[in-house]
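predicted model, plus sequence, below.
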Amino acid sequence: STAVLFTGLRAACSQTATGTMLAPLLLLLTMPAGATAASASVEATLDLDAQASPFPHYWKRCFGSGHVLLGTRADWREHMARSAAEIGVQGLRMHGVMDDDLSVAPQKGEYHFYSVDLVYDFMLKHGVKPIVELSFMPKALVTCGGKGEPDCNWSFGAPGSYRALNHPPDNWEDWYDLVHAMAQHMVDRHGLAEVSSWHWEVWNELWGMRYPHPYLDLYNASARAIKSVHETLRVGGPATAGLAFVQEFVNDTKAMGIPVDFVSTHSYPSDPYCSNTDDPECFTKKLLATRAIAQEAGYPFLITEYKDGLQGGPGCAYGGKHGDMAYAAAFILHTIPTLTELDMFSWWTISDVFEEGWLSGIPFCTLTRPHSIHCPDNLYECYLTCLTVRWPGLAWPGLLACLCCLDRRRLRTSDITGSGKAGLPCVPGALPYLL
């Protein structure tokens, strides 16, 4: 073993194995919580002869976004293209690929995928694969909203152009036909080999679909439709919030003989099982315990939504101010090395162009005045810089700088227009994740 002395931002250690970065991170996490870039002096012992731990870049396989229509906007496209080029995003999951704002099914049996193609073609041009979230229900397939009919259940009250209808169809065969038509269209357009590398995920968080029914009816129709196009197309679920119903989904689909290629769910540290605990490892423990269910059944395990929490409050990101500050970067740095066994880990979301509450009409989160951030050659210096610099109050700079540290890329960042707020230092703001 070799004794290594770290003073300030300098470190006499180097990356000794390609794709292996756990040692510098662990060294960082041993630092005193109050250490700063100017005064930190830490002595640690590192066995350079020990076997390196693999560090797959699994977090790049998918990021989240708002609903699909936003992918036709110029600013969203700029954000996505930068994300692909600068942090290597490989996949993207979006809500609402069947929504009426895309005119996919203006009436029963009539299908148009032009608007979806505009978005998916752009993604694929930049090397980003769709994780196809099969949602939500076209109005043409549901009887609601008319005189003497039940009210239509629109997500978030249908703000702006967001037309997400959370209802089962009147007839499951109508949904089957729509899903089959879309899958066949994508195979015809992009080829079987390409589309077989995608994931087709059924619905989102049981919105308007209780478990077990009607969700299992929805899943059954969707899975049958996907597999009728070709057996190599991958379909899965239940895409639940809070790690819910994973064991039930595995058991029920097996008992019913419904095909499953992967298990997916969502988790946030603000979910009830972790929101009232002092254990900074709660989030990781819950995910690994749920992964064990899928692993035992022989299925890949995909977390298709996560972030540092859904706290609400001020800030330009939907999750509130935590998502805009160095707290989120600290959460990522602490969490990603602990979950390398996951098959997918999708940060929600890739851009602040977002419309669940309402699409803001002011340039609150516009990316402006870009300038370069150099990712230091020395990984310890990079981590320490990430955790001590005061970033502007925007999700991109601190967050992407830390991803830069994980991937050693050159990134670009931006200032924020109209917020007038500065970010918080990462160490005090995220102390539980750094101890």
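Arrived safely.

now the closest residue to residue 266 other than its chain neighbours: which helix or strand?
Spatially, and ignoring its direct neighbours in sequence, residue 266 is nearest to residue 305 (3.8 Å; CB to CB, 6 or more residues apart in numbering). Heads up, the C-betas are built off the backbone N, CA and C, glycines and all. Element membership for residue 305, per DSSP states H and E: strand 301-306.

what pairs with that strand, parallel or antiparallel?
Sheet pairing here is set by DSSP bridges, and for strand 301-306 it gives strand 262-266 (parallel), strand 344-347 (parallel).

state the number of residues packed around the residue nearest to residue 266.
Using other CB atoms under 10 Å, residue 305 has 24 neighbouring residues.

contacts for the strand holding residue 305, please.
62, 64, 93, 131, 133, 199, 201, 236, 239, 262-268, 287, 290-291, 294-295, 342-348 (CB atoms under 8 Å, 6 or more residues apart in numbering).

which residues in the stretch 101-250 of the chain form strands?
129-134, 199-202, 234-240 (DSSP state E, counting those that start in this stretch).

the last one - contacts with which helices or strands?
By that I understand strand 234-240. strand 199-202, helix 215-229, helix 246-256, strand 262-266 (3 or more CB pairs under 8 Å, 6 or more residues apart in numbering; DSSP states H and E).

rewinding a little: between whichever helix or strand comes after the strand holding residue 305 and strand 301-306, how many degrees?
Using DSSP H and E, the next helix or strand after strand 301-306 towards the C-terminus is helix 326-335. Counting by axes from the mean of the first three to the mean of the last three CA atoms, to 10 degrees, helix 326-335 points 170 degrees away from the direction of strand 301-306.

counting neighbours, what do you get for the nearest residue to residue 250 once chain neighbours are set aside?
With sequence-adjacent residues excluded and distances taken as CB to CB, 6+ apart, residue 250 is closest to residue 297, at 4.7 Å. Look at residue 297: counted by other CB under 10 Å, it has 17 neighbours.

just checking, residue 297 touches residue 262?
No - counting by CB atoms under 8 Å, residue 297 stays clear of residue 262, with 10.6 Å between them.

returning to that earlier point: weakest of the strands paired with strand 301-306 in terms of mean pLDDT?
Between these, the lowest average pLDDT goes to strand 344-347, which shows a mean of 94.

contacting residues around that one?
Residues contacting strand 344-347 (CB under 8 Å, 6+ apart): 58-59, 61-64, 91, 93, 131, 199, 264, 300-307, 332, 336, 339.

try stretch 143-152
139, 142, 153, 165, 167, 170.

having no further points to raise, I will conclude here.
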